[in-house]
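Trainee: Quick one, structure for this:
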Amino acid sequence: MTALMATSLSLLMIGTAFLSGIFGMAGGLILIGVLLVIFPLPTAMVLHAITQMASNGWRALLWWRYIEWKSTAFYVAGCLVAVGLWSITLYVPDKSVALLLLGLSPFIIRAIPESILPRTFGPLQVAVTGLFSMMLMLLSGVTGPLLDTMFLRSPLDRRRIIATKASCQVFGHGFKLLYFGALIAEVGQVEPWFLAVAIASSIIGASLGKLLLEKLTDKQFRVWSNRLITTIATYYVGYGLVLLARIA
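Mentor: Numbers count the residues shown, from 1 in each chain. As a prediction, the model looks like this:
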């Protein structure tokens, strides 16, 4: 880890945490894409888990009054089931597979009719979301557009979406850290001094994002969030196809 790389990654983490601080999403998607290019997959997953736990944890603290704790509990229950199932095989995916799954998930959710997937966020729906989100996180590093799309379909306002999603993500990334940092055969490792830099960068970015979120309306929040999801998901589908075709 050179000084130039550490500085560049720190600025990237501030920027992505700032973006997530506004929309509760997108920042982690961008960060994992860069980390997967620079580091081996297990190391990228460990570093991403720690930064996202810091970013989401700080965001949850800033908005703690708006957290839907019941939803968080059912989400965590779904995550635990997924980790248990994944621990049986300890599967570590190829980068191309991870990126394709990451990009395709929001389009799949949008294609499901409301008669099958209604715009509610009841206990069962939250638990199933936690199950599939955790599976996707262990495959690609993030729940990404899947969890984001599910929250945007809910009747929650922007503050409750940001707060509740942040609390859910703290646990989700914690389980990911356990999986890639302890359970698999070739665990990811990151230099301790850079972990401190990553955590500080994530907290700074999340704090700055809160200031801008306060100025958005719920309508603006949902419109721009959906646009971000579509743009980033499309990019990852294309990138995954390029890697799969061995063009790059």
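Trainee: The nearest residue to residue 232 once chain neighbours are set aside: which element?
Mentor: Closest residue to residue 232 apart from its sequence neighbours, by C-beta to C-beta, 6 or more residues apart in numbering: residue 29 at 5.0 Å. For glycine as for every other residue, the C-beta is placed from the backbone atoms N, C-alpha and C. Using DSSP states H and E, residue 29 falls within helix 27-38.
Trainee: Residues contacting that helix, please?
Mentor: 5, 9, 12-13, 15-21, 44, 47-48, 51-52, 55, 95, 98-99, 102, 140-142, 144-145, 169, 205, 232, 235-236, 239 (C-beta atoms under 8 Å, 6 or more residues apart in numbering).
Trainee: Mind giving me the ChimeraX command for buried ones among the residues you listed?
Mentor: Here is the ChimeraX command that selects the buried residues among these (16 or more other C-beta atoms under 10 Å):
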select :9,12,13,15,16,17,18,19,20,21,44,47,48,51,52,55,95,98,99,102,140,141,142,144,145,169,205,232,235,236,239
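Trainee: residues touching the closest residue to residue 21 other than its chain neighbours, list them.
Mentor: Distances taken as C-beta to C-beta, 6+ apart place residue 209 nearest to residue 21, at 1.7 Å, with adjacent residues excluded. Residues near residue 209 by C-beta under 8 Å, 6+ apart: 17-22, 59.
Trainee: May I see the residues you listed organised as a markdown table, with pLDDT added?
Mentor: Formatted as a markdown table, these follow (pLDDT from 0 to 100):
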| residue | pLDDT |
| --- | --- |
| 17 | 85 |
| 18 | 86 |
| 19 | 82 |
| 20 | 77 |
| 21 | 75 |
| 22 | 80 |
| 59 | 86 |
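Trainee: Kindly indicate which of these lies nearest residue 86.
Mentor: Minimum distance to residue 86 across the contacts of residue 209 is 24.7 Å, recorded for residue 20 (C-beta to C-beta).
Trainee: ok, residue 195 - contacts?
Mentor: By C-beta under 8 Å, 6+ apart, the residues touching residue 195 are 47, 50.
Trainee: other SSEs contacting the helix or strand bottoming out on mean pLDDT in the chain?
Mentor: The helix or strand of the chain with the poorest confidence is helix 144-153; it has a mean of 74 (mean pLDDT, DSSP states H and E). Packing contacts for helix 144-153, counted by 3 or more C-beta pairs under 8 Å, 6 or more residues apart in numbering; DSSP states H and E, involve helix 27-38, helix 95-111, helix 123-140, helix 158-178, helix 218-244.
Trainee: Name the residues of the second one that come out as buried.
Mentor: Taking 16+ other C-beta under 10 Å as the basis for neighbour counts, the residues of helix 95-111 that come out buried are 95-96, 98-106, 109.
Trainee: pLDDT (mean, whole number) over that helix?
Mentor: Here helix 95-111 scores 76 as its mean pLDDT.
Trainee: before we move on, what about the longest one?
Mentor: The predicted model assigns helix 218-244 a mean pLDDT of 83.
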